[in-house]
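# what's the 3D shape of this:
(4 chains)
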There are 2 protein chains.
Amino acid sequence: MGGPRFEPVRAVRAYERVVEQVEEAIESGALSPGERLPSERDLMVQFSVSRSTVREALRVLQARGLVRSRPGDPHGAEVLPFTPAALHKSMTTLARVAELSLAELVQFRMVLDSSASLLAARLRTDGQLAEMGAAVARMRAATDHDAFVAEDVSFHDVVARASGNKLIQICTDVVRSIVLGLISEKLAAAPDRPALMRQTIKHHEEVLAAVRAGDGPLAARLTRKAMYDYYADYVPDGERPALRALLE
Amino acid sequence: MGGPRFEPVRAVRAYERVVEQVEEAIESGALSPGERLPSERDLMVQFSVSRSTVREALRVLQARGLVRSRPGDPHGAEVLPFTPAALHKSMTTLARVAELSLAELVQFRMVLDSSASLLAARLRTDGQLAEMGAAVARMRAATDHDAFVAEDVSFHDVVARASGNKLIQICTDVVRSIVLGLISEKLAAAPDRPALMRQTIKHHEEVLAAVRAGDGPLAARLTRKAMYDYYADYVPDGERPALRALLE
DNA sequence: CTAGTGCACTGGTCGGACCAGTAGGCTGCA
DNA sequence: TGCAGCCTACTGGTCCGACCAGTGCACTAG
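Residues are numbered from 1 along each chain as shown, chains lettered A, B, ... in the order given. Now for the predicted structure:
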């Protein structure tokens, strides 16, 4: 006690050090999206490691969504612009191995999307308001179910953007696609689809009105209600109370 | 139009197919945490690929937090129990490359933690209530700042657990550690620390009382307030209104 | 000036090699 | 018989060299 606390020196593999350096260069902005890494054969010289090591490092960087390499490309691996793909992947894995229930996912969406609505009610621009209106209009005009869902998504996406919080925007996007992936087949086979679509449109119009009026709490409440009504049928009875707990 | 829509056949690399198969085995539960993968040399026989390919696949699986391999281990790579490490990594990367502001992160925590409090007010067990009380007691007894923060964290963690939503629990955990990582140095140098600690304890007691009373909305509101008061000083003036938007 | 063709180089994969490190069986001592 | 210590077979980490199909660019022929 009291003396310098030494940290255990984990054996750092060569490829990890390569990953760290390249990662740092990318995250610090020294390498911008679209720029190229040197070729693998150049990298092995620069890092003084073998090509196998370089390649393992590139695989890790690729798994993290930071770079992409194409066979034959004479310019070397490309630094990618940020995408939530890696986040999406790890959250999807999480959903499977941690056995996240649909109820938990929907509940999470209720929390996040309603907060987005609340913030959007205050921070939305007129342009975003128009985008939301347009999305609702396209929902109304949608003929097939896929198009309807797509416009539904775009509405929620505008709201999330209008919240001014990129993290909320990204997380709603990721969780939404996981939820949709889980129930898409059931959704397409839902009974009385037209009625559900009409109800959904009505809900969206109400949310939009609340956002336009700047009534954040109302917009949030309506968003939670809309999401509950939309998904409750797919959630097992026993888990529905947990969702209703968010409806006040 | 009309004909079968063919999807572009992206050239699937050999190592990707290896990743897919192992991933599927793990996520489906065919391989449980603690179990071992065959050795690399066995895998190259089973998959009919070279060891380089096997190793690149293992690097990807390791980057995703699914397996771990130690040099010299005669039992092969170990299948890991789920940890949010991969999620944490990708969200940390996200925070850097998407240039998430502290305000966005704190706002996200306000949303998630307050929802956790709201749910916990309804769903908490008596045992969890006791844990929360114990955490607050330890906060009060904490002598140094690190211990104080640690107990603060454990309080929030119990609340998140009591929400009954694993996704909320994990995400609050991940974002919290990112936030703490961003401001830990500033936090330790905060002026008038004892006063801040007293205020924080008071806030936690109030939240705990609301949770105990089953008053979800109050617990949520208090949680947002507590978090705002705790972090507002570190958020640039211009971004504070966005946080206040969550305080009603 | 353009269409077409090589070519140089790329990433993907393979096979073989060596090393340090581990675990478990074996040996030899008590 | 029991146990401590060594030994060995095998592991993962790294390196090397090789081949292939594919790419982009420069060059050439029209």
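# Make sure A:Pro217 is actually in contact with B:Ala245.
No. Applying Cβ atoms under 8 Å, one finds A:Pro217 not in contact with B:Ala245, separated by 10.9 Å. Just so you know, the C-beta spots here come from the backbone N, C-alpha and C atoms, and that holds for glycine as well.
# in what helix or strand does the nearest residue in space to A:Glu16 that is not next to it in sequence lie?
The spatial neighbour of A:Glu16 that comes closest, neighbours along the chain excluded (Cβ to Cβ, 6 or more residues apart in numbering or on different chains), is A:Ala57 at 7.6 Å. For A:Ala57, the host element (DSSP states H and E) is helix A:51-63.
# could you say what helices and strands that helix packs with?
In terms of contacts (3 or more Cβ pairs under 8 Å, 6 or more residues apart in numbering or on different chains; DSSP states H and E), helix A:51-63 is packed against helix A:14-27, helix A:40-47, strand A:67-68, helix B:51-63.
# Deepest in the core, which of the ones you listed is it.
Of all the helices and strands packed on helix A:51-63, helix B:51-63 has the most neighbours on average by mean count of other Cβ atoms under 10 Å in any protein chain shown, namely a mean of 22.
# what angle sits between it and helix B:40-47?
Using axes from the mean of the first three to the mean of the last three Cα atoms, to 10 degrees, the inter-axis angle of helix B:51-63 relative to helix B:40-47 is 100 degrees.
# Quick one: mean pLDDT over helix B:51-63.
Per-residue pLDDT over helix B:51-63 has a mean of 97.
# What of stretch A:140-147?
Mean per-residue pLDDT for stretch A:140-147: 88.
# Distance check, the residue most central in space within chain A against A:Ser90.
Against the mean C-alpha coordinate of chain A, by Cα atoms, centre = their mean, the closest residue is A:Val174 at 2.5 Å. Counting by Cβ to Cβ, to the nearest Å, the separation of A:Val174 from A:Ser90 is 9 Å.
# just A:Ala189 next, same as before
Distance, A:Ala189 to A:Ser90, using Cβ to Cβ: 30 Å.
# higher neighbour count, the two?
When neighbours are counted by other Cβ atoms under 10 Å in any protein chain shown, A:Ala189 and A:Ser90 differ, and A:Ser90 comes out ahead with 24 against 9.
# Pull the contacting residues for the more buried one.
Applying Cβ atoms under 8 Å, 6 or more residues apart in numbering or on different chains to A:Ser90 gives the contacts B:Arg64, B:Gly65, B:Ala86, B:Leu87, B:Lys89, B:Ser90.
# So for whatever helix or strand it lives in, what gets flagged as buried?
Taking DSSP H and E as the criterion, A:Ser90 maps to helix A:85-97. Across helix A:85-97, burial judged by 16 or more other Cβ atoms under 10 Å in any protein chain shown covers A:Ala86, A:Leu87, A:His88, A:Lys89, A:Ser90, A:Met91, A:Thr92, A:Thr93, A:Leu94, A:Ala95, A:Arg96, A:Val97.
# Can you give me the distance of the residue nearest to the second one when sequence neighbours are not counted to B:Arg13?
Take A:Leu87 and drop its neighbours on the chain: the residue closest to it by Cβ to Cβ, 6+ apart is B:Ser90, 4.5 Å away. Shown here: B:Ser90 relative to B:Arg13, a distance of 21 Å by Cβ to Cβ.
# now the strands for chain A?
For chain A, applying DSSP state E gives strands covering A:67-68, A:78-79.
# Can you list the helices and strands that the last one packs against?
Contacting strand A:78-79 under the criterion 3+ Cβ pairs under 8 Å, 6+ apart are the following elements: strand A:67-68.
# Each with direction, which strands does the strand it packs on pair with?
Next to strand A:67-68 in the sheet, as set by DSSP bridges, lie strand A:78-79 (antiparallel).
# Dump the helices and strands packed on helix A:51-63 into TSV; add distance to A:Pro194 as well.
Below are those laid out as TSV (distance: least, Cβ to Cβ, whole Å):
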stretch	distance to A:Pro194
helix A:14-27	49
helix A:40-47	56
strand A:67-68	43
helix B:51-63	45
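# Compare these and give me the one nearest DNA strand D.
Among the helices and strands packed on helix A:51-63, the nearest to DNA strand D by Cβ to the nearest atom of the strand is helix A:14-27 (3.1 Å).
# does any part of the closest one sit near DNA strand C?
No. On the criterion Cβ under 7 Å from any atom of the strand, helix A:14-27 is out of touch with DNA strand C, staying 12.4 Å away.
# For that helix, give me every contacting residue.
With Cβ under 8 Å, 6+ apart as the criterion, helix A:14-27 contacts A:30-31, A:37, A:43, A:47, A:49, A:53-54, A:56-57, A:60-61, A:64, A:66-67, A:79, B:59, B:93, B:96-97.
# what does stretch A:114-133 give?
A:155-156, A:158-165, A:168-169, A:172, A:207-208, A:210-224, A:227, A:246, B:107, B:111, B:242, B:245-246.
# so what's the nearest residue to A:Ala85 once chain neighbours are set aside up against?
Leaving aside its sequence neighbours, A:Ala85 sits nearest to A:Gly65 (Cβ to Cβ, 6+ apart; 4.7 Å). Shown in contact with A:Gly65 (Cβ under 8 Å, 6+ apart): A:Leu80, A:Phe82, A:Thr83, A:Ala85, A:Ala86, B:Ser90, B:Thr93.
# Now do the contacts for A:Lys225.
Residues in contact with A:Lys225 (Cβ under 8 Å, 6+ apart) are A:His203, A:Leu247.
# if you set the cut-off to 7 Å instead, what comes out?
By Cβ atoms under 7 Å, 6 or more residues apart in numbering or on different chains, the residues touching A:Lys225 are A:Leu247.
# State the distance from it to A:Leu243.
Using Cβ to Cβ, A:Lys225 is found at 11 Å from A:Leu243.
# For A:Pro217 and B:Ala245, indicate the residue with more neighbours.
Between A:Pro217 and B:Ala245, counted using other Cβ under 10 Å, B:Ala245 has the larger neighbour count: 19 against 13.
# how much space is there between that one and B:Asp233?
Going from B:Ala245 to B:Asp233 by Cβ to Cβ gives 18 Å.
# same deal with A:Ala226?
Using Cβ to Cβ, we find A:Ala226 at a distance of 37 Å from B:Asp233.
# How about A:Gly72?
Applying Cβ to Cβ, the value for A:Gly72 to B:Asp233 is 54 Å.
# again, but for A:Leu100
Distance, A:Leu100 to B:Asp233, using Cβ to Cβ: 36 Å.
# Which one of those two is surrounded by more residues?
Shown here are A:Leu100 and B:Asp233; by other Cβ under 10 Å, A:Leu100 has more neighbours (21 against 13).
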